[in-house]
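[1] Sequence and predicted structure below; questions after.
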Amino acid sequence: ETGVTQSPTHLIKTRGQQVTLRCSSQSGHNTVSWYQQALGQGPQFIFQYYREEENGRGNFPPRFSGLQFPNYSSELNVNALELDDSALYLCASTPAGGPAAQGTQYFGPGTRLTVL
Amino acid sequence: DQQVKQNSPSLSVQEGRISILNCDYTNSMFDYFLWYKKYPAEGPTFLISISSIKDKNEDGRFTVFLNKSAKHLSLHIVPSQPGDSAVYFCAASGGLSGNTGKLIFGQGTTLQVKP
């Protein structure tokens, strides 16, 4: 069984640009959640996708958007990048069995985004 | 509004001794709690979880205790090993209808186990 994978590993962008981060869920998992982890902080919930529909969103502006595909892989898109968007972006998947009401989330290695 | 707090940024213990990591929460609707371990340049790795209907869950060297009245949980690692040195995050999720199961994380505690 393969784990959660993310690409790219590292990314450098300039302010105002757009970025797309990718995530492949663990086999058998149909829910994916995205988190932002700033330096020295715990991960913060961005949003979650279940069966290709957004299933909840944290306190992030609309320029953060996402997609989930039929194979349960996912994308996180960020438009109009700001310096404060520099962070580690983590995706996590949850085993199938309904919306992730109480499922353990399994994390990928993350994408380190630097905005200059 | 920090709903999950880990008040100790760091902890240092001797190999073979017990490590106790603490976590407090404020939202009484949380009903599922998890501990994750994170090494540099890696994503968080799930360690152990506990449902609010229990007060203790054990898995090998790791035991999580939940005190609902105090809104406090702790992770005990016995015996501690140098390979346990990492950042430990506690996380909580609520059981509200329609809840996504989103995790609310504490700030993390860096554990150092000295040989």
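    Happy to help now that I have it.
[2] Please count neighbours and contacts with C-alpha atoms only from this point.
    Will do.
[3] In what element of secondary structure is the most centrally placed residue in chain A found?
    When CA atoms, centre = their mean is applied to chain A, the residue found nearest the centroid is residue A:34 (2.9 Å). Assigned by DSSP states H and E, residue A:34 belongs to strand A:29-37.
[4] Any chance you could give me that strand in CSV, C-alpha atoms only?
    Backbone C-alpha positions of strand A:29-37 (Å, rounded to 0.1, in the frame of the first residue of the first chain) are rendered in CSV as follows:
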residue,chain,number,x,y,z
HIS,A,29,-8.9,6.8,0.9
ASN,A,30,-11.6,9.1,-0.5
THR,A,31,-11.2,12.2,1.6
VAL,A,32,-8.3,14.6,1.3
SER,A,33,-7.6,17.6,3.5
TRP,A,34,-5.1,20.4,3.0
TYR,A,35,-3.2,22.1,5.7
GLN,A,36,-0.7,25.0,5.9
GLN,A,37,2.1,24.9,8.4
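[5] returning to that earlier point: quick check: chain neighbours aside, which residue is closest to the residue nearest to the centre of chain A?
    residue A:91 (4.4 Å; CA to CA, 6 or more residues apart in numbering or on different chains).
[6] That neighbour reaches residue A:32, doesn't it?
    Yes: assessed by CA atoms under 8 Å, residue A:91 is found in contact with residue A:32 at 6.7 Å.
[7] Flag every buried residue along stretch A:45-54.
    A:45-52, A:54 (16 or more other CA atoms under 10 Å in any protein chain shown).
[8] for stretch B:86-95, same thing?
    For stretch B:86-95, by 16+ other CA under 10 Å, it's B:86-94.
[9] that older thread, ok, the residue nearest to residue A:34 to residue A:106 distance?
    8 Å (CA to CA, to the nearest Å).
[10] tell me, what's touching the two both at once?
    Common contact partners of residue A:91 and residue A:106 (CA atoms under 8 Å, 6 or more residues apart in numbering or on different chains): residue A:4.
[11] out of those two, which sits in the busier spot?
    residue A:91 (32 against 22; other CA atoms under 10 Å in any protein chain shown).
[12] For the more buried one, I want the exact helix or strand it lies within.
    strand A:87-95.
[13] close to chain B, is the helix or strand that that strand is followed by?
    Later in the chain than strand A:87-95, the nearest helix or strand by DSSP H and E is strand A:106-107. Yes: against chain B, strand A:106-107 shows contacts by CA under 8 Å from any CA of the partner chain at A:106-107.
[14] Show residues contacting strand A:106-107.
    A:4, A:90-94, B:43-46.
[15] just how off-centre is that strand within its chain?
    11 Å (CA atoms, centre = their mean, to the nearest Å).
[16] Repeat that for stretch A:60-74.
    Its chain's average C-alpha position is 7 Å from that of stretch A:60-74, according to CA atoms, centre = their mean.
[17] re the thing from before, the residue nearest to residue A:34 and residue B:24: what is the separation?
    25 Å.
[18] Would you mind naming the residues that bridge with residue 64?
    This is for chain A. Counting by DSSP bridges, residue A:64 is bridged to residue A:78.
[19] not quite, I wanted chain B
    residue B:57, residue B:75.
[20] What residues does chain B have near chain A?
    So chain B meets chain A at B:32, B:34, B:41-46, B:49, B:89, B:93-95, B:98-108 (CA under 8 Å from any CA).
[21] One more pass at 7 Å, please.
    B:32, B:42-46, B:95, B:99-108 (CA under 7 Å from any CA of the partner chain).
[22] Thanks a lot, see you next time.
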